[in-house]
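Here you go, sequence then predicted model.
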Amino acid sequence: MAEQPKSVWSSISFWRRSAAWVTGFAVVLLIWLTFDTIGQITMGTDADLQNGVTKRVPAPTVINYNIKYEMNEKRGHEAPVIGEKESFFGKEWSVDEAAALLHLGKLTSQAKNCMNCHTLLGNGAYYAPDLTKAWLDPAWNNDGPMMGMTGKSTREEAMAEFLMHPSKYPTHARMMPDLGITAEEAKGLVAFLKHMSSIDTNGFPRNFGKEQGGTYAK
Amino acid sequence: MLNSIKANKLQFESQKIGMMYFRVAIILFGAQLLMGLIAAIQFLYPSFLFELFDFSVARMVHINALVVWMLYAMIGSVYYMIPDETGREVIGAGIAKLAFWVLTAAVTVVVLVYIFVQVGSGTEMTIWLINEGREYLEAPRWADIGIVVVVLVFYFNVFATYLKGERTGVMTVMVANLFALAGLYLCGMFFTDNISIDQYWWWWVIHLWVEATWEVFVGTLAAYALIKIIGAKREIVEMWLWIEVLMLFGSGVLGLGHHYFWIGTPEYWWEIGALFSALEPVPLVAMFVHVLYDWGKEQGQVEAEGGAHAINNGPAMAWIVTNAFGNFLGAGIWGFFHTLPQVNIYTHGTQFTSAHGHLSFFGAYATILIGMMYLGLQGAYGIKNMRATKLSKWAIFMLVFGVLGMAVSLTIAGYEQVLVERAELGATWEAFFTAQNLIWYVQAQGWRLVMGVVTFVGFALLVVDLLTIGKKEAGE
């Protein structure tokens, strides 16, 4: 191929330039979208919560509020709904306290390697249940099995108790191991889970906690 | 392979360094499979090693050994191809060897800490010293920084040698792509309380590695190997390589969007992710066609000239053809299965993902890297025409059959999980376990374990073959 190629389609330099342009264009578009997305998923503020401003990722003080996951007719799927205030571990958490608790919880979730059994926002391992909306799981309801088993009277206390001694409260043959989670760390983890359940995940997981039918099989 | 460096047929230090990396890679590959077997057993017998060596630990080492052995084999491949492509010795062979030993010592410490310390308290200290707890990027921060230093040494070596030597198209793509590949690692090296932002950047590393830069890396290796093994024409191979770069980056960069459907990020990623990730299989088809086309063309030419074989390295070529098809099947088909948001809302985070992960990592990466090891052995023992032994054939058959079997089993488990846990029972804790305990799911996991054992036997045969083929064929 010493002479000039007859056609542009068999020209190396044409394809090299095209590759550079296409890659460059894709990268520029990705960076532009990244700026927009990061803006949209940066945590909201406590004032947003007080004023009822919806954020995709609310402030840590969302742990002071009741959270539901309901069908949004306009969007055509479920979305978190932040409701009235409710106490969390028997009190209302200040902006700083809530941020510190969430920080502890997120750190603990990594230190205990949660993601290599569970999935968080659907990412991780597939050995244990997804935790995206775990805070809203009916198993922790007042009439649910976990409350009775742990002997606690609130959802957050039952969850914290379970996290501290998981193999004491087995739900199935496949159990969660004791990871040496302290009482403080357990509180942090529950705050982390409650906060995660308030994130707008575009309707994932669909149909959460609304059983549609049986399996009729074993 | 043990004596591959002592055999001393390699004229360049760079290639000897390549062989050093290959050896560690194969050991880590074995560690990966052992951990996988433990995890597969735990799916069926959850009390196995409970609170001693839990699933989370086995799984962490399983996927970390995977990433690290592939990076080792990738670095080894680059050091091996440098003299062939640039026509000269690598600039800093001494520092490259030092970097190798530093990296290997660091990897050993990290793995020992994973295995014996496992988890830490909820403090920054754990993130710095024990593990970072982020899937695939578990390596503690100190090791992250060490990896960056070692990679800088590696990159400097490649880049400086490229500048001083001949600048082929293959090497140009390699140098540019490695820059992106190495730089992306930095996106995974920070802590944030915001899990959505955490996962946003986490995917920049994971996705832009395995669905963009690693794929281009594979294209580059295949280009080099085709020239080396069947004497493919450089002009054709390099033109194809640029077309592949165009298609891989054109689809793969914005294909990142398919990881942004459900992590808190805006809805527009549905359309962007669906469109571009649906295009991702296209270059994989092209790569497959290209390998077969070049093979047929060269073979035809050799036969027309009265020769018998265009291939001068049977086992390497077998693995590269397996790569061409496995990449398309595992990454292309199995990826496309669940890439559209309409499907992914149900399949996200199920055994479906696991099936795709197994078949694509093997098909797209393990295969070609094993091929590169055979290429290295051929050079190390100065074998003009390397033929596949019985062992090579059994090894490739068992490995392919085993991994394919695992992927099919996991796909069946995934279907069951999606329909029962996600569609019927509402994705809760109880729904999860109901689906996990149904007989068809358990059977699928059983077959996965059986196929995992088949894979492991294939691996053992591969190791024996790698250890013996060089000496055997050099003696003939």
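All right, it came through fine. The model shown is predicted, which means the values in this text are computed figures rather than measured ones.

contacting residues for residue B:387?
For residue B:387, the contact set (Cβ atoms under 8 Å, 6 or more residues apart in numbering or on different chains) comprises B:314, B:473. Any C-beta I mention is one placed from the backbone N, CA and C, and that applies to glycine too.

what's the domain layout of chain B?
B:11-166, B:312-476 (automatic domain parsing).

can you list the ones you listed in JSON lines and add mean pLDDT?
Below are the domains of chain B laid out as JSON lines (pLDDT from 0 to 100):
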{"stretch": "domain B:11-166", "mean pLDDT": "96"}
{"stretch": "domain B:312-476", "mean pLDDT": "96"}
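
deepest of those, which one?
domain B:312-476 (a mean of 21; mean count of other Cβ atoms under 10 Å in any protein chain shown).

can you give me the helices for chain A?
Listed in chain order, the helices of chain A (DSSP state H) span residues A:12-41, A:46-50, A:95-111, A:145-150, A:155-164, A:183-197.

Touching stretch A:183-191 from outside, list them.
If you take Cβ under 8 Å, 6+ apart as the criterion, stretch A:183-191 is touched by A:60, A:63, A:88-89, A:98, A:101-109, A:112, A:135, A:156, A:159-161, A:163-164, A:181, B:121-122.

Need the pLDDT of residue A:109.
pLDDT, residue A:109: 97.

show me the contacts for it.
A:115, A:120, A:189, A:192, B:133.

Could you tell me the average pLDDT over stretch A:46-62, please?
On average, stretch A:46-62 scores 96.

ok, now which ones touch residue A:123?
Neighbours of residue A:123 in contact, by Cβ under 8 Å, 6+ apart: A:115, B:135, B:199, B:202, B:259, B:263, B:349.

Flag whichever of these scores worst on pLDDT.
By pLDDT, residue B:135 ranks lowest within the contacts of residue A:123, coming in at 93.

Tell me how far the residue nearest to that one when sequence neighbours are not counted lies from residue B:463.
Leaving aside its chain neighbours, residue B:135 sits nearest to residue A:115 (5.0 Å; criterion: Cβ to Cβ, 6 or more residues apart in numbering or on different chains). Distance, residue A:115 to residue B:463, by Cβ to Cβ, to the nearest Å: 31 Å.

Just the closest of the contacts of residue A:123 to residue B:246, please.
residue B:259 (22.4 Å; Cβ to Cβ).

what about stretch A:20-27, near chain B?
Yes - judged by Cβ under 8 Å from any Cβ of the partner chain, stretch A:20-27 comes into contact with chain B at A:22-23, A:26-27.

Return a ChimeraX selection command for the buried portion of those residues.
Entered in ChimeraX, the line below selects the buried ones among the residues of stretch A:20-27 next to chain B, by 16 or more other Cβ atoms under 10 Å in any protein chain shown:
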select /A:22,23,26
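
contacting residues for residue B:360?
By Cβ under 8 Å, 6+ apart, the residues touching residue B:360 are B:210, B:327, B:330-331, B:334-335.

how about it, secondary structure?
At residue B:360 the chain is in helix, as set by DSSP: H, G, I helix; E, B strand; the rest coil.

and residue 63, what does it touch?
All of this refers to chain A. By Cβ under 8 Å, 6+ apart, the residues touching residue A:63 are A:88, A:93, A:98, A:101-102, A:191, A:194-195.

my bad, chain B
B:32, B:135-136.

ok, the contacts of residue A:109 vs residue A:73, which is closest?
residue A:120 (28.2 Å).

tally of neighbours for the nearest residue to the closest one once chain neighbours are set aside?
Once flanking residues are discounted, residue A:120 sits nearest to residue A:131: 5.4 Å by Cβ to Cβ, 6+ apart. Neighbour count for residue A:131, taken as other Cβ atoms under 10 Å in any protein chain shown: 24.

list the buried ones in the strand or helix carrying residue B:298?
In this assignment (DSSP states H and E), residue B:298 forms part of helix B:281-304. By 16+ other Cβ under 10 Å, the buried positions in helix B:281-304 come out as B:281, B:283-284, B:286-288, B:290-291, B:294-295, B:298-299, B:302.

how far off helix B:281-304 does the helix or strand immediately after that helix in the chain point, in degrees?
Next along the chain after helix B:281-304, taking DSSP H and E as the criterion, comes helix B:314-326. Angle of helix B:314-326 versus helix B:281-304, following axes from the mean of the first three to the mean of the last three Cα atoms, to 10 degrees, is 150 degrees.

packing partners for helix B:314-326?
Packing partners of helix B:314-326 (3 or more Cβ pairs under 8 Å, 6 or more residues apart in numbering or on different chains; DSSP states H and E): helix B:214-230, helix B:281-304, helix B:367-380, helix B:390-417.

distance between it and the chain's centre?
Its chain's average C-alpha position is 14 Å from that of helix B:314-326, according to Cα atoms, centre = their mean, to the nearest Å.

If you compare the directions of that helix and helix B:390-417, what angle comes out?
Helix B:314-326 and helix B:390-417 are oriented at 20 degrees to each other (the same axes, to 10 degrees).

So what touches helix B:314-326?
B:218, B:222, B:225-226, B:229-230, B:287-288, B:290-292, B:295, B:311, B:359, B:362-364, B:367-368, B:370-372, B:374-375, B:378, B:386-389, B:392-393, B:396, B:400, B:465, B:469.

So which other helices or strands are in contact with the host helix or strand of residue B:463?
For residue B:463, the host element (DSSP H and E) is helix B:439-475. The contact analysis (3+ Cβ pairs under 8 Å, 6+ apart) places helix B:439-475 against helix B:13-44, helix B:367-380, helix B:390-417.
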